[in-house]
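Visitor: Return a 3D structure for these sequence lines:
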Amino acid sequence: MGLIAVASMAGAQGVTTTALGLVACWPDSEVVPVLLECDPSGGDLAARWNLEARPGLAETGQAAAATDQPGPAVLTAGAQRIAVAGRDVAVVCASLGGAEVAPALAVLTAPGSKALHDADGWIVADLGRLDEHSPTWPLVAAADCTVLVARSHLEGLAHLRARFETLVCRARGRFAVALTPGAYRPDQASDLLRAAGLAAPVAGPVGPSRPIGPDPIGWRGRRALGAWHGLAAAVRNRAIAQPPLSIEAAPTSTEDRP
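Guide: As a prediction, the model looks like this:
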């Protein structure tokens, strides 16, 4: 089992929705992933699902700091439960301001920490936007697969192309692209990227957001989950095809890349 990171290189539109879609439609029905909200700009799951502000990521960080060798059990200190597309999901929410994200991740990703390596389950981490100095890069380095959400038009693909070297270097090739609805199908986007010299694997399109929102869904909503099931299966297959790596400190600048 392992860690899936979900992020964007330009803006963060669709990242939280994609993370929710992966958790709701993960193919291992007996093992529902934990959703960890790590967006440094702040989370919105608590507001979207009308949850209490606490517990959350701050409490998970505190639990990890109080343990010599924290394991995935520390996630329960900050977990709340929500229903997503009929599936009961544990979520660890970040605050609206995200002030606790950097200190919590510093503890959770410290050398020797096993907090984000669950041998018996999966963790899906919502990283928001990845900029050069984001505190979430250690999760990208450790993830079994990083799902990069990109807009399906020329501008979105251009942003991906401009940052491709940074992503490949830090994710060490263990990533996949998920496209939001737009001008290009996944195969067309893959061809465009390949023509630009980028061998970026396009796992598939994201599905519609409404079926994985807080409102109950009917049979029409369940039928609309097909794209999410396809994307989740593709991401899982890519993740298990790669050997897991241990967490390492993230470089602080482009000159310090591994």
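
Visitor: Enumerate the positions of stretch 181-200 that are buried.
Guide: Neighbour-count burial for stretch 181-200, counted by 16 or more other CB atoms under 10 Å, picks out Gly182, Tyr184, Pro186, Ala189, Ser190, Leu192, Leu193, Leu198, Ala200. In short, each C-beta sits where N, CA and C put it, glycine included.

Visitor: For that stretch, which outside residues touch it?
Guide: Residues outside stretch 181-200 that contact it (CB atoms under 8 Å, 6 or more residues apart in numbering): 150-154, 156-157, 160-161, 164, 175, 177, 179, 201-206.

Visitor: Now intersect those residues with the strands, please.
Guide: Ala150, Arg151, Phe175, Val177, Leu179, Val202, Ala203, Gly204, Pro205 (DSSP state E).

Visitor: roughly how far is whichever strand or helix holds Gln62 from the heart of the chain?
Guide: Per DSSP states H and E: Gln62 is located in helix 57-65. The gap between where helix 57-65 is centred and where its chain is centred comes out at 19 Å by CA atoms, centre = their mean, to the nearest Å.

Visitor: Against which helices or strands is that helix packed?
Guide: Helices and strands touching helix 57-65, by 3 or more CB pairs under 8 Å, 6 or more residues apart in numbering; DSSP states H and E, are helix 101-108.

Visitor: Show me what counts as buried in the helix it packs on.
Guide: Val101, Ala104, Leu105, Ala106, Val107, Leu108.

Visitor: Now for the residue nearest to the third one when sequence neighbours are not counted: which residues touch it?
Guide: Right, Leu105. Nearest residue to Leu105 in three dimensions, chain neighbours excluded: Pro135, at 5.1 Å (CB to CB, 6 or more residues apart in numbering). By CB under 8 Å, 6+ apart, the residues touching Pro135 are Pro40, Val101, Ala102, Leu105, Ala106, Ala250.

Visitor: From Pro55, how far out is Pro135?
Guide: Using CB to CB, to the nearest Å, Pro135 is found at 20 Å from Pro55.

Visitor: Where does pLDDT dip in the stretch 1-150 of the chain?
Guide: 1, 11-12 (pLDDT under 70).

Visitor: Helices of that one, start to end?
Guide: For the stretch 1-150 of the chain, the helices defined by DSSP state H, counting those that start in this stretch occupy 15-24, 45-48, 57-65, 101-108, 137-142.

Visitor: Same list (the ones you listed) but as JSON lines, adding distance to Arg236.
Guide: Output for those, formatted as JSON lines (distance: least, CB to CB, whole Å):
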{"stretch": "helix 15-24", "distance to Arg236": "9"}
{"stretch": "helix 45-48", "distance to Arg236": "22"}
{"stretch": "helix 57-65", "distance to Arg236": "24"}
{"stretch": "helix 101-108", "distance to Arg236": "23"}
{"stretch": "helix 137-142", "distance to Arg236": "17"}
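
Visitor: Quick one: closest of these to Ala234.
Guide: Ranking these by proximity to Ala234 (CB to CB) places helix 15-24 first, at 10.2 Å.

Visitor: got the angle for the closest one vs strand 175-180?
Guide: When axes from the mean of the first three to the mean of the last three CA atoms, to 10 degrees is applied, the directions of helix 15-24 and strand 175-180 differ by 110 degrees.

Visitor: then stretch 161-181 to PDB, C-alphas only?
Guide: What follows is stretch 161-181, C-alpha atoms only, in PDB (Å, rounded to 0.1, in the frame of the first residue of the first chain):
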ATOM      1  CA  ARG A 161       5.700  21.700 -20.100                       C
ATOM      2  CA  ALA A 162       7.400  24.700 -18.400                       C
ATOM      3  CA  ARG A 163       7.700  22.900 -15.100                       C
ATOM      4  CA  PHE A 164       8.200  19.400 -16.400                       C
ATOM      5  CA  GLU A 165      11.900  19.200 -15.500                       C
ATOM      6  CA  THR A 166      11.300  20.200 -11.900                       C
ATOM      7  CA  LEU A 167       8.500  17.600 -11.500                       C
ATOM      8  CA  VAL A 168      10.500  14.800 -13.000                       C
ATOM      9  CA  CYS A 169      13.500  15.600 -10.900                       C
ATOM     10  CA  ARG A 170      11.600  15.700  -7.600                       C
ATOM     11  CA  ALA A 171       9.000  13.100  -8.300                       C
ATOM     12  CA  ARG A 172      11.600  10.800  -9.900                       C
ATOM     13  CA  GLY A 173       9.300   9.900 -12.700                       C
ATOM     14  CA  ARG A 174       6.600   8.500 -10.500                       C
ATOM     15  CA  PHE A 175       3.700  10.600 -11.600                       C
ATOM     16  CA  ALA A 176       0.700  10.800 -13.900                       C
ATOM     17  CA  VAL A 177      -1.400  13.600 -15.400                       C
ATOM     18  CA  ALA A 178      -5.100  14.000 -14.800                       C
ATOM     19  CA  LEU A 179      -6.900  16.400 -17.100                       C
ATOM     20  CA  THR A 180      -9.800  18.700 -16.100                       C
ATOM     21  CA  PRO A 181     -12.500  18.900 -18.800                       C
END
